[in-house]
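1. Whatever this is, show me its structure:
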Amino acid sequence: MEVKLKAGERIDELQRNGYQIIQNENGFCFGMDAVLLSGFARVKKGEQALDLGTGTGIIPILLEAKTEGRHFTGLEIQETSADMAQRSVCLNDLQEKVRIVQGDIKSATELFGKGSMDVVTSNPPYMTGQHGLVNPDMPKAIARHEILCTLEDVIGQASALLKENGRFYMVHRPFRLAEIMVMMSRYRLEPKRMKLVYPFVDKEPNMVLIEGLKGGRPRITVEKPLIVYEKPGVYTSEIYDIYGY
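-> Predicted coordinates:
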């Protein structure tokens, strides 16, 4: 379907199923973390998935391309981002498989109902008010800092939304890993899989991918690390596979 672009917008290729996404070059564009989360999350045949804080809809669109899930929903509070996400859904003719809802993560259970989802994903803001400088551009600040929602909001809502034995997938920063583990256990999302992402093999990890099982028993598998670059400007083969190049 043909869609109209607004001032500052562009269409980017996603390298999956011929899909494209609308982004605003002056706004907050999706990053590698969202793509890696879409490669880490598992949505089985017939399942329903919800992405909390979907931005421009990158995760539900990629999950629709990569998995056999039945339906995918993206929840986004910012009107401009939600509008771009909805137009990207139309651009790819995915209206029957992907739905975008404008709303607050803190009200997600009211919007969709308790125990309504098989899978919940999130690429939430990483920083609290004490972490780094807050971007003066509010859309970017909201995406990066816990201004409109906290880690507990995301995890608490994910737990309430999931069916028993439903799965939660999140990408975050390793420096908050202890807090993440404690919070997930508090809300009965038992950590089951974890993968650390390293920019280079000799550098510290800068991302963590984590899966939680609602009502699961304690036992976590730490998967082999994911290395992003072989050398400056050259991705590893695993990154190329995830991107679909």
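2. Regarding stretch 6-19, how distant is the last residue from the first?
-> End-to-end distance for stretch 6-19: 19 Å, by CA to CA, to the nearest Å.
3. Can you mark which positions in that stretch are buried?
-> Judged by neighbour count (16 or more other CB atoms under 10 Å), stretch 6-19 contains these buried residues: Glu9, Asp12, Leu14, Arg16, Tyr19. (C-beta placed from N, C-alpha, C; glycine too.)
4. Likewise for stretch 209-228?
-> By neighbour count on 16+ other CB under 10 Å, the buried set for stretch 209-228 is Leu209, Ile210, Glu211, Gly212, Leu213, Lys214, Gly216, Leu226, Ile227, Val228.
5. quick revisit: quick one, which of the buried residues of stretch 6-19 has the minimum pLDDT?
-> In terms of pLDDT, Arg16 ranks lowest among those, with 91.
6. need the helices for the protein, in chain order.
-> 32-40, 58-66, 79-91, 108-112, 138-144, 151-161, 177-186, 237-243 (DSSP state H).
7. Just name the most buried of those.
-> Across these, averaging neighbours per residue (mean count of other CB atoms under 10 Å) puts helix 58-66 on top, at a mean of 25.
8. that older thread, now for the buried residues of stretch 6-19: which two are most distant?
-> Glu9 and Arg16 (20.4 Å; CB to CB).
9. which stretch in the helices of the chain has the least confidence?
-> helix 138-144 has the lowest average pLDDT among the helices of the chain, namely a mean of 47.
10. Quick check, Ile242 in contact with Leu37.
-> No. The criterion here is CB atoms under 8 Å, and Ile242 misses it with Leu37 at 10.0 Å.
11. circling back: between the buried residues of stretch 209-228, which is closest to Ala160?
-> Taking these together and measuring to Ala160 by CB to CB, the closest member is Lys214, at 9.6 Å.
12. What is the neighbour count of Gln78?
-> Per other CB atoms under 10 Å, the neighbour tally for Gln78 reads 20.
13. what do you get for Val101?
-> Neighbour tally, Val101, other CB under 10 Å: 17.
14. what do you get for Val43?
-> Around Val43 there are 24 other residues, counting by other CB under 10 Å.
15. any chance of the helices of the chain in TSV, with distance to Val120 too?
-> Formatted as TSV, those follow (distance: least, CB to CB, whole Å):
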stretch	distance to Val120
helix 32-40	12
helix 58-66	11
helix 79-91	17
helix 108-112	9
helix 138-144	19
helix 151-161	4
helix 177-186	12
helix 237-243	21
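16. Those helices: which one's closest to Pro199?
-> helix 32-40 (9.8 Å).
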